[in-house]
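structure of the sequence below:
(chains A, B, C and D)
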Number of protein chains: 4
Amino acid sequence: MLYFKSDYTEGAHPKILEALERTNLVSQPGYGEDCFSAAAREKIRLACGKPEADVYLLTGGTQTNLIVISALLRRWEGVVCAGTGHIAVHEAGAIEFSGHKVLTLPAHDGKLRADELAALAERFYADGTHEHMVYPGMVYLSQPTELGTLYSRAELEAIAAVCRRFEMPLFLDGARLGYGLAAAENDLSLAALADIVDVFYIGGTKVGALCGEAVVFPRGNMPPHFTTMVKQQGGLLAKGRLLGVQFDALFTDGLYFELGRGAVALAMKLKKAFVERGYPLFLDSPTNQQFVILTAEQETRLAREAAFERWEPLPDGRYAVRFVTSWATTVEQVDALIALL
Amino acid sequence: MLYFKSDYTEGAHPKILEALERTNLVSQPGYGEDCFSAAAREKIRLACGKPEADVYLLTGGTQTNLIVISALLRRWEGVVCAGTGHIAVHEAGAIEFSGHKVLTLPAHDGKLRADELAALAERFYADGTHEHMVYPGMVYLSQPTELGTLYSRAELEAIAAVCRRFEMPLFLDGARLGYGLAAAENDLSLAALADIVDVFYIGGTKVGALCGEAVVFPRGNMPPHFTTMVKQQGGLLAKGRLLGVQFDALFTDGLYFELGRGAVALAMKLKKAFVERGYPLFLDSPTNQQFVILTAEQETRLAREAAFERWEPLPDGRYAVRFVTSWATTVEQVDALIALL
Amino acid sequence: MLYFKSDYTEGAHPKILEALERTNLVSQPGYGEDCFSAAAREKIRLACGKPEADVYLLTGGTQTNLIVISALLRRWEGVVCAGTGHIAVHEAGAIEFSGHKVLTLPAHDGKLRADELAALAERFYADGTHEHMVYPGMVYLSQPTELGTLYSRAELEAIAAVCRRFEMPLFLDGARLGYGLAAAENDLSLAALADIVDVFYIGGTKVGALCGEAVVFPRGNMPPHFTTMVKQQGGLLAKGRLLGVQFDALFTDGLYFELGRGAVALAMKLKKAFVERGYPLFLDSPTNQQFVILTAEQETRLAREAAFERWEPLPDGRYAVRFVTSWATTVEQVDALIALL
Amino acid sequence: MLYFKSDYTEGAHPKILEALERTNLVSQPGYGEDCFSAAAREKIRLACGKPEADVYLLTGGTQTNLIVISALLRRWEGVVCAGTGHIAVHEAGAIEFSGHKVLTLPAHDGKLRADELAALAERFYADGTHEHMVYPGMVYLSQPTELGTLYSRAELEAIAAVCRRFEMPLFLDGARLGYGLAAAENDLSLAALADIVDVFYIGGTKVGALCGEAVVFPRGNMPPHFTTMVKQQGGLLAKGRLLGVQFDALFTDGLYFELGRGAVALAMKLKKAFVERGYPLFLDSPTNQQFVILTAEQETRLAREAAFERWEPLPDGRYAVRFVTSWATTVEQVDALIALL
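Below you'll find the model as predicted:
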């Protein structure tokens, strides 16, 4: 079976396992106060060009979204996101469970638009009854989005300008950031992101680690008592070193970027093959998630030898499906899949 | 520096790292639906003698306490525990943050007493205004306790009888269970625990794993929609295999029990040395946590060469301190510490 | 100034004040256990033709929505409502603050449609990842809606059938129910409502009382421990008699229905006048809220002598505005307003 | 039957009913923006000698405690109170349901002691693991306490000094404040309270109103967005005038103080009678709640003709019981009760 179902179907990049082994018996304090986490934080600061940044290592994506959003919002505020945003759809209502509304805007290939965001905030403050409504307190977006698309630098800056105007911190979910950074059309480096947004995270789980997301507060703007809030939501690992060792490895010798490039190159090869063989794209993604349209017959046949995700049924009986490459995908697997087309 | 500060200062037992390496490139679905997690669950069921048990793998102790307790309690209920219980003191109010009161009873060397528990429930239901009060909805205890002590089978059965009488599920926090099972005075096997309590967990983080706690609902009594609740609180790992592989290794060839025995044997050697050299015990613990009383001078001197935890200052100026052994402690380290005494 | 801004701008109907005075010095227990509340509950059961109903008196509309919804939903569930639903827009995120998502469907003149509700639930359960999503756990609708419109019996029954199919309790917000019951086109009596929905409330605050909403669980299906949950959310009045006396008066000699009829008759008179004088209706409401479209010039001129609510600006520069009659509106006031048109 | 069970067993003082009647048909905006609420707020500011105070009118005591505490606490904080505090015992876990721990200290006749409060805060900040614990974020106390006792000015100032030292706002629950102000031994005027504490409320429900508690932030220190938070917790009355009219009446011509004095004079008469007839006091209360000890036989006999509250059973088989006077108690009722002794 050829696995293209997601980017979390294997373990970790070998260099990460080696690092875990190498450091295994070094005695270190718990809760992220170990030397490996310290080194990882420092390397991430360097990679972002932000020596003053606060970096905090957490375990998974939903956990990170939940912890960051509920730490930043005040009680009367909600978080604005695209209707397709992960927090709006696939996190089991975690944000609401923490007491906050998710305020959705239309998604355009998975993306927010700055003008629609501004209109939402303008309408809100112009409404004479807005004290009876949920304040738009921050903005959440994903890079790449849940549909594999990317914000350009201009788009992100326009959104950030609206955020500043209405005092809404801008939070970027980078669960798959490594695959976004590696895209040909991407014009947003880590340093550029760090300049533009108020908080973002660098996803490890989907980019070569066993687990782990590195939250970056670029301007040393981590909220006070963040550790206590992490503890309160069950997110503080006793062996924080597990995260530290992994991110230290990912940010040594550019491994994180290398893993992204490899997966995206294979995804582009796959996309080209789909297009050349006449499979219509569901949308045009420059990253490691590729969405194509299959007939029911094609879908059934392919599913016999390849694992991929049925994304959504189309009105005409066909299916949009998703193929995902990762740091673990090999050129042989991609070639074998292409042979099946 | 000799490390006796806690049982989470190193990585994982080598067999766990080997297992991670061996399974690393096997493609498997996410969210705990992988074959390694399935195997681990099955081995744990066997070890508990409960083929019908539900087993759920989570990441850390506070997370597990939070998720299990908030899944079991109904809105009008709180959880009863000893005043020294981890959830009452050292989890940053996670239970309250999830909406529930922690109802405390006096701790006797870290333990609840069945008669005091019964009295609490009787008083509650006898009170004509109890509809205006928090219902005692479940009972939490730790085995071993936060002070290293153990419930005997008779004590646990007496508590469970009170729990049944007042329809309060009994939850046992086994973050250090491996060290409790290995104690000479312990008369509670995994199977016995599974017979007596309603839910418990087998701690991995402190007993040889990088992370991981295995929650056991012995009678197939996991609440419906548990996975959704885990997701809602940010506890669902995308790469659930990380937990599965580790518990599979821990429950292969009795590794879990072996690690417990090793650490407890060293702890007993250490206790004996303290007693023989005239250091008073703060309390008599049969497990891997040893509490002794040091004068300020002794404390300062020892702290130069050994890392241990200052537990609490005593009224007479001395200190109760804690020394912890673990699966990673070596006999050489213990001998070196004893030499310092 | 002519007041048409809302239906809560005066005190209480004189018969309610008389009843408060008459009963003032009768000593009675607190917390709704007084004889007046008992009498009110019984009269409401009779009016609904449901001797087995549970009736619970609360203070205000948002409070009632919050308490009922958070008592009925389980942790993994959200409440479905129209995008214009009061809980979705104007209750400051109270539902989310209690931990639950509000799942919105398109509003059609303020109303949900049964087919769209069914489609939402079907899509949800057909989605292979729905364990990671918020379950549609109950349905909320308002009668009359926030736009003054009414569900017909056939519409409500169709929605209730979908609710039963997917095990979603159906909750009807009747903050203005008295004005709906009095509408010429209404074909839903209290008894019919009680047959169809799972819980509803009879609004007092906007229909002649100082405060008070009577929640009806028609089939004796009030959740266990409801009083404790009410207390937990600060909704339990020490002097529950305040609510009891008022509802007792409202349901004596048909006062509640009489107040509704009076206000609706005046609203119809006003609507006719608007239409005859060529003012376009924003929508066609058969109840006490009338929505018309004014030019900016008309709006400014009228606002000098009448208080009404600016509902929303229209793209062409005109305004939709709302005029509301109530039990306290007099024919003289309506005539004076008409004279201004 | 003679009613001494509580101070909320009758309606409202006649002057309040008169005020409701007199103002009934004046059209006014909702949500506390009416002229009566404005007048009440102004009179309360005057009575407190604090022209810059923010005053907010709410409906009931538990609601007020819940709203004020959850508005003031930050996520990582809990509220400190005496073990007998209303929020710790009789509010169904409302504070915990809002996400916060209630941290209890020993009660001394219902009161906190400044030295024990200081010790709690000192221990907390001295604890190296306090980031894993609940921060003491504010202090709650009741005046009079749940046991009818009073803090002296010196005691309250000592507590306030500890609060300032550890940056914990001091909140005083004045549900029965009117009866405390009227006590012979009281040395704390409204103005003195307003000088010392950070927020307090003047109870209306138990002192002559149908409902209503007036929250005072003496230094204009009401938290931003307070109205939105009140709405979010279901505490915003559409007809806020109901509260405004009542507090306006209570603070006209000193009615509030007069009602307190009357009830306390009768309570003192009753206490004297108990003592003279040899009934032991359970504790010595200078306010409208009197606690005496009855034998089982006495209790049974008295309960035939008088309603009072069984407070708690004593180890020797006797009962502590509570007799409460209120603004509605008459001298005839007290004489009749005394005759029964």
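
in the top helix by length along chain A, what counts as buried?
Ordering each helix of chain A by length in residues (DSSP state H) puts helix A:255-276 first. If you call a residue buried by 16 or more other CB atoms under 10 Å in any protein chain shown, then helix A:255-276 has these buried ones: A:255-268, A:270-271, A:273-274. Heads up, the C-betas are built off the backbone N, CA and C, glycines and all.

now for the helix or strand that it is followed by, which elements pack on it?
Beyond helix A:255-276 in the direction of the C-terminus, DSSP states H and E gives the next helix or strand as strand A:289-294. On a contact count with 3 or more CB pairs under 8 Å, 6 or more residues apart in numbering or on different chains; DSSP states H and E, strand A:289-294 meets helix A:255-276, strand A:319-324.

and the shortest one, which strands flank it?
Okay, so that is strand A:319-324. Counting by DSSP bridges, the strands paired with strand A:319-324 are strand A:289-294 (antiparallel), strand A:309-313 (antiparallel).

which ones are touching residue A:139?
Residues in contact with residue A:139, defined by CB atoms under 8 Å, 6 or more residues apart in numbering or on different chains, are A:79-81, A:112, A:117, A:159, A:162-163, A:168-171.

scratch that, residue A:39 is what I was asking about
By CB under 8 Å, 6+ apart, the contact set of residue A:39 is A:244, A:248.

how about the one 5 residues further on?
In this structure, residue A:44 makes contact with A:53, A:55, A:202, A:214, A:216, A:247, A:251, judged by CB under 8 Å, 6+ apart.

around the last one, how many other residues sit close by?
Looking back up the chat, that one is residue A:251. For residue A:251, the neighbour count with other CB atoms under 10 Å in any protein chain shown is 22.

how about the secondary structure of the residue nearest to it when sequence neighbours are not counted?
Closest residue to residue A:251 apart from its sequence neighbours, by CB to CB, 6 or more residues apart in numbering or on different chains: residue A:43 at 3.8 Å. Of the three states, residue A:43 takes helix under DSSP: H, G, I helix; E, B strand; the rest coil.

surely residue A:43 is in contact with residue A:252?
Yes - with contact defined as CB atoms under 8 Å, residue A:43 counts as touching residue A:252 (6.9 Å).

so for these two, which residue has more residues nearby?
For residue A:43 against residue A:252, the residue with the higher neighbour count under other CB under 10 Å is residue A:43, and the figures read 19 against 14.

and stretch A:232-241, end to end?
According to CA to CA, to the nearest Å, stretch A:232-241 extends 20 Å from its N-terminal end residue to its C-terminal end residue.

that stretch close to chain D?
Yes - judged by CB under 8 Å from any CB of the partner chain, stretch A:232-241 comes into contact with chain D at residue A:232.

where does the stretch 101-250 of chain A get nearest to chain D, which residue?
Using CB to the nearest CB, the point where the stretch 101-250 of chain A gets nearest to chain D is residue A:228, with a distance of 4.3 Å.

now do the contacts for the residue nearest to that residue when sequence neighbours are not counted.
Leaving aside its chain neighbours, residue A:228 sits nearest to residue D:76 (4.3 Å; criterion: CB to CB, 6+ apart). The contact partners of residue D:76, taken as CB under 8 Å, 6+ apart, are A:225, A:228-229, A:232, B:92-93, D:134-135, D:137.

show the pLDDT at residue D:76.
According to the prediction, residue D:76 has pLDDT 98.

any chance of the contacts of residue A:44 in CSV, with pLDDT and secondary structure too?
CSV is the format used below for the contacts of residue A:44 (pLDDT from 0 to 100; DSSP: H, G, I helix; E, B strand; the rest coil):
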residue, pLDDT, secondary structure
A:53, 98, coil
A:55, 98, strand
A:202, 98, strand
A:214, 98, strand
A:216, 98, strand
A:247, 98, helix
A:251, 98, coil
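
with distance to residue B:179 added, can I get those residues in JSON lines?
As requested, those are arranged in JSON lines below (distance: CB to CB, whole Å):
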{"residue": "A:53", "distance to residue B:179": "39"}
{"residue": "A:55", "distance to residue B:179": "34"}
{"residue": "A:202", "distance to residue B:179": "37"}
{"residue": "A:214", "distance to residue B:179": "33"}
{"residue": "A:216", "distance to residue B:179": "38"}
{"residue": "A:247", "distance to residue B:179": "30"}
{"residue": "A:251", "distance to residue B:179": "36"}
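
who wins for most neighbours among these?
So for the contacts of residue A:44 (other CB under 10 Å), the most neighbours sit at residue A:214, 31 neighbours.

for that one, list the residues it contacts.
Contacts of residue A:214 were listed using CB under 8 Å, 6+ apart, and they are A:40-41, A:44, A:55-58, A:201-202, A:204, A:243, A:247.

how does it look with 7 Å?
With contacts defined as CB atoms under 7 Å, 6 or more residues apart in numbering or on different chains, residue A:214 is in contact with A:44, A:55, A:57, A:201-202, A:204, A:247.

and for residue A:250?
For residue A:250, counting by CB under 7 Å, 6+ apart, the contacting residues are A:204, A:208-209, A:256.

which one of the contacts of residue A:214 sits closest to residue C:149?
Comparing the contacts of residue A:214 against residue C:149 with CB to CB places residue A:201 closest, at 45.5 Å.

and the closest one, helix, strand or coil?
Following three-state DSSP, the label given to residue A:201 is strand.

chain C versus that one, what's the distance?
If you measure residue A:201 against chain C using CB to the nearest CB, to the nearest Å, the figure is 19 Å.

I'd say that residue and residue A:215 touch.
Yes - counting by CB atoms under 7 Å, residue A:201 touches residue A:215, with 4.6 Å between them.

need the overlap of contacts for those two.
Each of residue A:64 lies in contact with both residue A:201 and residue A:215 under the rule CB under 7 Å, 6+ apart.

can you pull the residues of the stretch 51-200 of chain A lying near chain B?
A:59-63, A:66-67, A:91-94, A:97 (CB under 7 Å from any CB of the partner chain).
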